[in-house]
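*Asks:* pasting a predicted model and its sequence here:
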Amino acid sequence: MRWINPKHELPVIASAVLAGAVISAIALPPTMQALSVSQRVAIVVPVNFALPACAMAIGLVFPLKRSCLIGTVALFFAFWMVRALYRDPAIWAWTPKEVLSFTSPILVVSMLVSCIFSLVAAAGAKALGRQVGRPPEPWLCRACGYDLRGAAGATCPECGHLGGG
């Protein structure tokens with residue numbers, strides 16, 4: 001069993017935001033024109049491959065449902081925000097209609113599917129033995145948590161669990 005410190009949740013989510021911003025910046029028109037890549041490919045590859053791969057990485061690195069969902073939404077929000085700022089940097093002038101015009105339905109669907117991918121990756125990581133939290137103390141009963149340091153025998157006196165700790 002591999003235990004992951006719960007304090008690493010915020011850095012994982014911050015890394016997701018950074019990854020979304022970097023992927024979006026790479027996919028902006030000036031970069032793609034310099035690389036001679038069409039605008040369609042510049043959107044299809046990040047939205048359908050790079051962002052879902054990052055979402056799955058979140059689930060593998062930090063297998064906690066809350067972190068998977070928050071990290072994936074933050075990843076896509078950062079991607080969307082960089083693209084929206086490129087189109088119109090005057091955030092204070094954005095109207096709801098403009099915000100919706102910046103948002104592609106494909107991006108929303110990809111985000112939802114990526115949330116599912118992230119949760120599946122987290123379940124796989126847990127099945128392989130990755131857990132978030134502190135490992136159980138060896139002197140505690142695995143069934144009820146009773147402190148067995150002074151107990152005699154192999155049975156927990158509180159719940160009767162065989163093997164004690």
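*Replies:* Looks like it came in fine. Numbers count the residues shown, from 1 in each chain.
*Asks:* shaky segments in the chain?
*Replies:* Segments of the chain classed as low confidence (criterion: pLDDT under 70) are 1, 163-165.
*Asks:* so which residues of it form strands?
*Replies:* Ranges of strands in the chain, per DSSP state E, are 2-4, 130-132.
*Asks:* contacts for the last one, please.
*Replies:* Contact partners of strand 130-132, identified using Cβ atoms under 8 Å, 6 or more residues apart in numbering, comprise M1, R2, W3, I4, P6, E9, L60, F62, P63, L64, S67. C-beta: built from backbone N, CA, C; applies to glycine.
*Asks:* columns distance to E158 on top of those residues, output as TSV?
*Replies:* Putting the contacts of strand 130-132 into TSV (distance: Cβ to Cβ, whole Å) gives the following:
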residue	distance to E158
M1	24
R2	29
W3	25
I4	29
P6	27
E9	32
L60	37
F62	33
P63	30
L64	29
S67	33
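*Asks:* pick the most buried one from the strands of the chain.
*Replies:* Comparing those on average neighbours per residue, with mean count of other Cβ atoms under 10 Å, the densest one is strand 130-132 at a mean of 17.
*Asks:* tell me how far it lies from the chain's centre.
*Replies:* Taking the mean of its C-alpha atoms, strand 130-132 sits 14 Å from the chain's own mean (Cα atoms, centre = their mean, to the nearest Å).
*Asks:* what's the answer for stretch 24-37, then?
*Replies:* Stretch 24-37 has its C-alpha centroid displaced from the chain centroid by 26 Å (Cα atoms, centre = their mean).
*Asks:* picking that back up, any of the contacts of strand 130-132 buried? List them.
*Replies:* I4, E9, F62, P63, L64, S67 (16 or more other Cβ atoms under 10 Å).
*Asks:* give the contact list for the first one.
*Replies:* Read it as I4. The neighbourhood of I4, defined by Cβ under 8 Å, 6+ apart, consists of F62, P63, R130, Q131, V132, G133.
*Asks:* change it to 7 Å
*Replies:* By Cβ atoms under 7 Å, 6 or more residues apart in numbering, I4 lies in contact with F62, R130, Q131, V132.
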